[in-house]
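K.L.:
structure for the following, please:
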Amino acid sequence: MIVIFTRFSVLTESRGFNYGAPKQLRGGSRMTRLVRRLKNKFKKSIAAAKTAEDKKASLFSDERMEFRFTCFETITLPSLQAQSDRDFLHVVLYSPSLPEKWMQRLSGLSQRYGFELVPMNPAENFAEKYQEYCRNLYKQLPCKETWLATIRLDDDDALNLQYIGWIRSAAEKGYRDVVVSTHAGFTFWIGRGMTRLVAQSKPFMAVGLAYIEEMTDTPGTIGSCGRHERIFENNATLILPEKDAHLISAHVHNDSGRGLEGKDRQSSVPDADLLIRRTFNIDADLVRCAFG
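P.N.:
Next up, the predicted model:
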């Protein structure tokens, strides 16, 4: 069984800090250093908001929400819709505080693309929420399901159209209690009606990180494996050899887009538009038009 988890503008009490700690992390000083690094990384407008109302106003602003929806609709969902292996569940976590007009739009996408909507309250923890969902799933599944793969995918990123098949192949080969990472893909710069595709090679990026284990009534998930930057320190890992495995969008509304302004927008990858259409089912012309 394969489950993809996507967080869609989830409002949390400690945004950016409530993924589970690494399973084997020990030592107070080490934890202190980890927390300090995370705090520095997430010092942005939403993370720095002083009150819950400030967070809501920033997170659910019309400008930001329109941008997030457009990314979701033109980048993430097309790549999942066209997967060569369609035998997976897509779960989208959302905030119950999502304004009505955006909730209606998200519900419409759920009906169209078949993903499941799961509400997540501010006090809840991502790792616990993932585990709760998989625990309930276990109770409903037939006995033939022997393994579980959980995958993290942000609402503005995309996966190679063969990705689900790669994860299934690893599971069927017997890999268990292992984090699976891609190592090569692209950054997709978006802004002012222009796009730029840049090849990059680095394992343990957040996009598409997966965790495979035996199917049990107390499942571990990718949310229980710690922060992606150091996930290899406390988990067995498998790095997929395939190239062009993922696409990470970079824009003014995410960390990947820092420094976007002023960059040369011409793609560094030959035939970029054709490549992303064939590899990720993304229409670059549509993206440029949507963000024009």
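K.L.:
hmm, residue 83 is touching residue 168, no?
P.N.:
No - using Cβ atoms under 8 Å, residue 83 is not in contact with residue 168, being 10.6 Å away. The C-beta positions use only the backbone N, C-alpha and C, and glycine is treated the same way.
K.L.:
okay, buried residues for stretch 172-180 please.
P.N.:
175, 178-180 (16 or more other Cβ atoms under 10 Å).
K.L.:
go on, stretch 85-100?
P.N.:
For stretch 85-100, burial by neighbour count (16+ other Cβ under 10 Å) applies to 88-95, 97-98.
K.L.:
give me phi/psi at residue 238?
P.N.:
Residue 238 adopts backbone torsions of phi -130, psi 120, taken as degrees, to the nearest 10.
K.L.:
what does stretch 86-103 rub up against?
P.N.:
Residues outside stretch 86-103 that contact it (Cβ atoms under 8 Å, 6 or more residues apart in numbering) are 1-11, 56, 59-60, 65, 69, 80, 106, 110, 113-122, 126, 129, 133, 137, 155, 164, 168.
K.L.:
now, of these, which are buried?
P.N.:
Among the contacts of stretch 86-103, those classed as buried by 16+ other Cβ under 10 Å are 1-11, 56, 59-60, 65, 69, 80, 106, 113, 115, 120, 122, 126, 129, 133, 137, 155, 164, 168.
K.L.:
and the helices in the stretch 101-250 of the chain?
P.N.:
Using DSSP state H, counting those that start in this stretch, the helices found in the stretch 101-250 of the chain span residues 126-140, 163-172.
K.L.:
would you turn those helices into JSON lines with mean pLDDT and distance to residue 245?
P.N.:
As requested, those are exported to JSON lines (pLDDT from 0 to 100; distance: least, Cβ to Cβ, whole Å):
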{"stretch": "helix 126-140", "mean pLDDT": "92", "distance to residue 245": "22"}
{"stretch": "helix 163-172", "mean pLDDT": "98", "distance to residue 245": "7"}
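K.L.:
turn those into TSV, including distance to residue 201.
P.N.:
Converted to TSV, those look like this (distance: least, Cβ to Cβ, whole Å):
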stretch	distance to residue 201
helix 126-140	27
helix 163-172	17
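K.L.:
cheers, nothing more for now.
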